[in-house]
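kindly return the folded structure for what I paste below:
(2 chains)
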Amino acid sequence: MKYVATFFVLFASYILLAGFQLQELLLGVLVSGVLTVILTNLVDYTIDVRFPIRLIIFIFAYIPVFTWQLLLSNIDVARRVLSPKIPLNPGIVKIHTDLQGDFAKLTLANSITLTPGTLSIDVDGEHIYVHTVDVKGKTPEENKEMISGKFNKLLGVIFK
Amino acid sequence: MEIVSYVFMIIGGAFYLLGGLGILRMPDTFNRIQAGTKATTLGAFALLIGVGIANPDWILKVLLIIIFIAISNPIGSSALAKATYLSCELPSNLVQDDLKDFVGGQKNDSN
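Got it, this is the predicted structure:
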């Protein structure tokens, strides 16, 4: 199941990019086959029947939020860079996450990096260490809510 | 349509400019990495979308490049930030440092 699903995802992407000629189809089968073997053996992930549903949630719920946050963070950077005296109150805070799986944590850490004023430095099991330009919260819970709250919930739905 | 694509490209260039300015003006490494990552990610997106609009044949490839940038850019900046944390003296303006307890012994081992 995992092999077949991975193969189809890879093959579909290849064909979409390369076109429908016979040579491309043959090469696509070859490349996707090799990649499938490598990926399924080296990377820990699961593809199940709910994968298309998750993909749809990902595209229509996560990406708009992510894009909006990316825009906000750029406006934030612009504001800081262009103000005569740069407003800073930086610190490194620890954030707890209940997400399981490497992909979920990777996506969460990347989202944190691209949201306003935060940069994830390291992941250790259930904690993400985040450098933030402006430490606002007094307690870990407050920090968690402010930095990762929205994405944590959203990714919890997508990755279970 | 051409005008829209130029507008996107100019927006992208402007964000790159802001990112460069941020790297120059920010006081310490972590803040420089932050400014650089955000501005260049959105700058690259806007630039590539502009290219995609100008050349509709390339739109799928452009989307693929955007996905790769969205994954690799933050990872690169995290790696830079961790390397900085491990091997350099920390900036004096940090008000809080939770990473110290976790990294502790690893720090400066590389030197």
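
is there proximity between stretch B:27-38 and chain A?
Yes - Stretch B:27-38 comes into contact with chain A (Cβ under 8 Å from any Cβ of the partner chain), by way of B:27-28, B:30-31, B:33-35, B:37-38. Glycine gets a C-beta too; all of them are placed from N, C-alpha and C.

and the next helix or strand past the helix or strand hosting B:Leu47?
According to DSSP states H and E, B:Leu47 maps onto helix B:29-54. Elements were assigned by DSSP H and E; along the chain past helix B:29-54, the next helix or strand is helix B:59-87.

and the angle from that following helix to helix B:29-54?
170 degrees (axes from the mean of the first three to the mean of the last three Cα atoms, to 10 degrees).

can helix B:59-87 be said to contact chain A?
Yes - contact of helix B:59-87 with chain A (Cβ under 8 Å from any Cβ) involves B:60-61, B:64, B:70-71, B:74-75, B:77-78, B:81-82, B:85.

which of those residues count as buried?
B:70, B:74, B:77-78, B:81-82, B:85 (16 or more other Cβ atoms under 10 Å in any protein chain shown).

just the closest of those to A:Tyr62, please.
B:Ala70 (11.4 Å; Cβ to Cβ).

wait, what's in contact with that closest one?
By Cβ atoms under 8 Å, 6 or more residues apart in numbering or on different chains, the contact list for B:Ala70 reads A:110, A:114, B:41, B:45.

between those residues, which is nearest A:Ile158?
For the contacts of B:Ala70, the nearest to A:Ile158 is A:Asn110 (13.7 Å; Cβ to Cβ).

ok, and the closest non-adjacent residue to the residue most central in space within chain A?
The C-alpha lying nearest the average C-alpha coordinate of chain A belongs to A:Thr107 (Cα atoms, centre = their mean; 2.0 Å). Leaving aside its chain neighbours, A:Thr107 sits nearest to A:Leu155 (5.9 Å; criterion: Cβ to Cβ, 6 or more residues apart in numbering or on different chains).
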